[in-house]
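*Asks:* only the shape, not the letters, is given here:
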């Protein structure tokens, strides 16, 4: 179901204005090309033959060049300047204003960063990734450090050229989460860090352990594929506008939101949640995209408002909804039908508890809801001081380990499972905060859903999620990236991002699961 | 295995010449974009969600516009003119000359056909295809006739604008089989038509019938997939530079020959040859592309010399080799291993005979080797007089049926299985002859292989095809589309296309299969 409007407000462009229609045509064509580039990437990650890389590299480079030429066209700059002088007038729509904002953003990025810098950044990213792969294999941070140093220099130059008001790191954050600064993010994060660390200690002190044995077994992939399809369909993912494939790292991608939104999962034959929960996670991203108003097709307004806001929807569907007992009340039957021998005798609470086991680990991507944000804190805090020049690259392993001990109570025995675990830093900085912003917004939006639907829990337990999708589609998904993240949160929930909802959610949920007495 | 050269002759461009290197860069970039367009088409035919069409249409249209702009750039025209004045000099290579020829061809097509004509042609093709689908369903040629009439007009206009020396139809043939004219094709076809008609009558008079029951059964698709992969690999298809998918109509496509060459087959759970022989047919096309010299990557020289020459390789591997008893001597074991219950008791000769049953039918795509060319004759002869204005659209059903009676001895009971059976005419004319030219060249090239390898039959029977692939790669595949079809045939076999090899091949093969006494 595609919602055409947002509370009666249509997402339409004022094409009667010649400047808007000219801009729209330019943006649509550039979007077409970006989607073909996305298709090349999808192919590469899901099926491309191993030796096709050289041909593909040239194809993408050629297309990239054409896209850059179009995004940095001086005629576009002139048009934007003209429109910026008038677009606040009431005869223009929010969609018009957003179109101008998005085009300005990509124009600035395309013109402020010289081609040589963009090229060097791309080359360093490739070489740095190669170095990281080896360094991780050999537990040899020192061999990766020079590449990390070059990345730091390049990222600083990028920040300087893009500009910022407070600190350099703000410019990098803005690339992922527009409108947020490092100090704003920090204000959101500090209470989460403190409460999560405390909650973890209480859970550990409780003495209660959760048995996850029921999640392990022998799960043939073809049956998992069918189950993932059923689960995605059951929460409203539309297969006439999408498909699921498999890849080494799960991701969602679109080739024209809302008409073609696909995602991948990764299968483990031994551990069911790897694919099953990825289907809900990536499926959540995909529901967001499939809900964009059709009028936004071929524009950057179709899709998510930011990395963090996008992540709020994967987290909402995977965790807040998808790891709750009411959700599985009916849907556990799908799992049991897929693997009757394995799950016939497993009681529902055992399954749900296993999905929610809290255990501090060294690896972010395997973390539970309580410790996950602590992994993000470590990265965010280190990125910030690294980019802003307050620490050296060489000090990273030591600081990483210290923070793990402080926040999670454990310490990596080597850098391979420590500072070298994520590939992200071979590419750049400023993206990690989005994961926790996603958790913050997911809890805040879920709170809003609870107040809209007082019987939400009962309806979930009845196997229904369509009312949630419908509300989100109407109020959030349909308007896509029209508004900046904070403005969107105010429109949706009445206030800007507030960490308290996540804190209450985590505390309430895990106090119950671990039989903790509430703190005064 | 990729052959770097052709009998010691390297396929290299003279990049030390600035004009060649400028042309090469232009051609490479345009090729990159064409390959991304091919990727969009592959996705569309193999996996694209059903409602994604609108988004994809825009993406392809935008890319098309960019490609057209580049192919018709006046600066390119000027560069070509300059190069055409000097490229025959001995300091340039055959690759240089071919590069200029290919670029001239696409420049002429892009500049001689006005954009409105190209657009109208595309629109009429879409509407005409829709009309054809309905007309075929309803056995209603009259409803399709007006679209066919518009297509005839458009094709004539295209022919007039592209130019020709003898007849309009030549210009359309040249789009598929460069350098051939209708009268040359006719000279090749008449003996084939006459001998095939006679051979068919002799087979029918022989009284011998072939039982094809062993080809029918219950063949689960996943096992067929594995078998097709094994068969393709066993003739040398390189999966590190390719993959097999499934689609409604099998096709081969490349995204950068020779590095990424894929194909599709279509599976029937009841009839094994549908996918198995398609794997050899499309696999044959793919072997040709995978054999191109790496130096030709990102140019139109990588790949096949023409439709007909390309078809010669699918026919060679599918029919001349793939329907011969020596070929199956060892490889039948693969089929038996895939479906042991079904094939354990089937003797090899029964299987091979079944693959070669001759039976006049109304449907081209299901035809055997003897009658196949007769189906082509009907279409070629009708296209020719239609385009050249000698018959009316309205007379097509009557003439179609008359020719079927005359050549194949059977007559369609309605137009659905008659004149309406192929979708091709909704798109245009001038492509059908390639299938029979493929058969002619396959037999001629096989004759050359037999003289190169006197023990060819024994080596085939030993399960080896690699010596054939190696010879073809070195002498034919590696040079790609460097030479025009007739020149290529002379280089390969010592003479231009000659129908006698196909006639001897068909007569010899089917006299044996049907126990016919040789005619004096």
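*Replies:* In hand now; what should we look at? Keep in mind it's a predicted model, so treat the numbers as computed, not measured. Residues are numbered from 1 along each chain as shown, chains lettered A, B, ... in the order given.

*Asks:* flag every residue of the stretch 101-250 of chain A that's near chain B.
*Replies:* A:239-243 (Cβ under 8 Å from any Cβ of the partner chain). C-beta coordinates here come from the backbone N, C-alpha and C atoms, glycine included.

*Asks:* so which of those residues wins on neighbours?
*Replies:* Highest neighbour count within those, by other Cβ atoms under 10 Å in any protein chain shown: residue A:242, with 25 neighbours.

*Asks:* skip the chain neighbours and tell me the closest residue to residue A:68.
*Replies:* Excluding the flanking residues, the one nearest residue A:68 by Cβ to Cβ, 6 or more residues apart in numbering or on different chains is residue A:110, at 5.8 Å.

*Asks:* after the helix ranked longest in chain A, which helix or strand is next?
*Replies:* The longest helix of chain A (DSSP state H) is helix A:18-46. Counting by DSSP states H and E, the element after helix A:18-46 in chain order, helix or strand, is helix A:53-71.

*Asks:* returning to what we had before: just the element for the residue nearest to residue A:68, please.
*Replies:* helix A:94-112.

*Asks:* ok, residue A:401 touching residue A:417?
*Replies:* No. In this structure, residue A:401 is not within contact of residue A:417 by Cβ atoms under 8 Å, at 10.6 Å.

*Asks:* higher neighbour count, these two?
*Replies:* Neighbour count, other Cβ under 10 Å: between residue A:401 and residue A:417, residue A:401 has more, with 19 against 15.

*Asks:* rounded mean pLDDT for the host helix or strand of the more buried one, please.
*Replies:* Using DSSP H and E, residue A:401 maps to helix A:396-408. What helix A:396-408 shows for mean pLDDT is 97.

*Asks:* on that earlier part again, my guess is the residue nearest to residue A:68 contacts residue A:72. True?
*Replies:* Yes. Residue A:110 is in contact with residue A:72 according to Cβ under 8 Å; the separation is 3.8 Å.

*Asks:* overlap in contacts of the two?
*Replies:* Taking Cβ atoms under 8 Å, 6 or more residues apart in numbering or on different chains as the criterion, residue A:110 and residue A:72 do not both touch any residue.

*Asks:* check contacts around residue A:112.
*Replies:* Neighbouring residues of residue A:112 by Cβ under 8 Å, 6+ apart: A:161-163.

*Asks:* ok, 10 Å please
*Replies:* Contact analysis of residue A:112 by Cβ atoms under 10 Å, 6 or more residues apart in numbering or on different chains lists A:72, A:158, A:160-163.

*Asks:* pull the number of nearby residues for residue A:180.
*Replies:* 22.

*Asks:* residue A:160 too?
*Replies:* Using other Cβ under 10 Å, residue A:160 has 12 neighbouring residues.

*Asks:* got it, and the one 5 residues further on?
*Replies:* The criterion is other Cβ under 10 Å. On that basis, residue A:165 has 7 neighbouring residues.

*Asks:* part of a strand, is it?
*Replies:* No. Using DSSP: H, G, I helix; E, B strand; the rest coil, the assignment for residue A:165 is coil, not a strand.

*Asks:* these two touch, right, it and residue A:171?
*Replies:* Yes. The pair residue A:165 / residue A:171 is scored as a contact, 9.4 Å apart, by Cβ atoms under 10 Å.

*Asks:* give me the common contacts of these two.
*Replies:* With Cβ under 10 Å, 6+ apart as the test, residue A:165 and residue A:171 both reach residue A:181.

*Asks:* tell me the buried residues in stretch A:85-104?
*Replies:* Using 16 or more other Cβ atoms under 10 Å in any protein chain shown as the burial criterion, the residues of stretch A:85-104 that qualify are A:87, A:92-104.

*Asks:* with stretch A:189-202 instead?
*Replies:* In stretch A:189-202, counting by 16+ other Cβ under 10 Å, buried: A:189, A:192-193, A:195-197, A:199-200, A:202.

*Asks:* hmm, who's touching stretch A:447-465?
*Replies:* Counting by Cβ under 10 Å, 6+ apart, A:234-236, A:287, A:316-317, A:320-322, A:324-331, A:333-334, A:446, A:466-468, A:471-472, A:475-476, A:489, A:492-495, A:498, A:500-502, A:504-505 sit against stretch A:447-465.

*Asks:* quick one: the strands in chain A?
*Replies:* A:5-6, A:9-10, A:244-246, A:252-254, A:261-265 (DSSP state E).

*Asks:* now the residue most central in space within chain A, nearest residue through space, not along the chain?
*Replies:* By Cα atoms, centre = their mean, the mean C-alpha position of chain A lies nearest to residue A:311, the distance being 3.4 Å. Leaving out its chain neighbours, the residue that sits closest to residue A:311 by Cβ to Cβ, 6+ apart is residue A:438, at 2.6 Å.

*Asks:* my read: the one you found touches residue A:315, true?
*Replies:* Yes. Look at residue A:438 against residue A:315 with Cβ under 10 Å: they come within range, at 4.8 Å.

*Asks:* for chain B, what's the nearest residue on the stretch 351-500 of chain A?
*Replies:* residue A:480 (14.6 Å; Cβ to the nearest Cβ).

*Asks:* make JSON lines out of the buried residues of stretch A:85-104 and add pLDDT.
*Replies:* Formatted as JSON lines, the buried residues of stretch A:85-104 follow (pLDDT from 0 to 100):
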{"residue": "A:87", "pLDDT": "98"}
{"residue": "A:92", "pLDDT": "97"}
{"residue": "A:93", "pLDDT": "96"}
{"residue": "A:94", "pLDDT": "96"}
{"residue": "A:95", "pLDDT": "97"}
{"residue": "A:96", "pLDDT": "98"}
{"residue": "A:97", "pLDDT": "98"}
{"residue": "A:98", "pLDDT": "98"}
{"residue": "A:99", "pLDDT": "98"}
{"residue": "A:100", "pLDDT": "98"}
{"residue": "A:101", "pLDDT": "98"}
{"residue": "A:102", "pLDDT": "98"}
{"residue": "A:103", "pLDDT": "98"}
{"residue": "A:104", "pLDDT": "97"}
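
*Asks:* need the max-distance pair from those residues.
*Replies:* Farthest-apart pair in the buried residues of stretch A:85-104 is A:93 and A:104; separation 16.7 Å (Cβ to Cβ).

*Asks:* residue A:246 and chain B: what is the separation?
*Replies:* According to Cβ to the nearest Cβ, to the nearest Å, residue A:246 stands 13 Å off from chain B.

*Asks:* burial of that residue, as a residue count?
*Replies:* As a burial measure, residue A:246 scores 18 neighbours (other Cβ under 10 Å).

*Asks:* distance of residue A:51 from residue B:239?
*Replies:* Between residue A:51 and residue B:239 the distance is 10 Å, computed by Cβ to Cβ, to the nearest Å.

*Asks:* try residue A:433
*Replies:* 42 Å.

*Asks:* got the residues of the stretch 101-250 of chain A next to chain B as CSV, with pLDDT columns?
*Replies:* Conversion of those to CSV gives the following (pLDDT from 0 to 100):
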residue, pLDDT
A:239, 98
A:240, 98
A:241, 98
A:242, 98
A:243, 98
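
*Asks:* quick one: buried residues of stretch A:321-330?
*Replies:* A:321-329.

*Asks:* in JSON lines: these, plus distance to chain B.
*Replies:* Formatted as JSON lines, the buried residues of stretch A:321-330 follow (distance: Cβ to the nearest Cβ, whole Å):
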{"residue": "A:321", "distance to chain B": "24"}
{"residue": "A:322", "distance to chain B": "23"}
{"residue": "A:323", "distance to chain B": "28"}
{"residue": "A:324", "distance to chain B": "30"}
{"residue": "A:325", "distance to chain B": "33"}
{"residue": "A:326", "distance to chain B": "31"}
{"residue": "A:327", "distance to chain B": "26"}
{"residue": "A:328", "distance to chain B": "28"}
{"residue": "A:329", "distance to chain B": "31"}
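
*Asks:* got TSV for these, with pLDDT too?
*Replies:* Shown next, in TSV, are the buried residues of stretch A:321-330 (pLDDT from 0 to 100):
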residue	pLDDT
A:321	98
A:322	98
A:323	98
A:324	98
A:325	97
A:326	98
A:327	98
A:328	98
A:329	97
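
*Asks:* thank you, goodbye.
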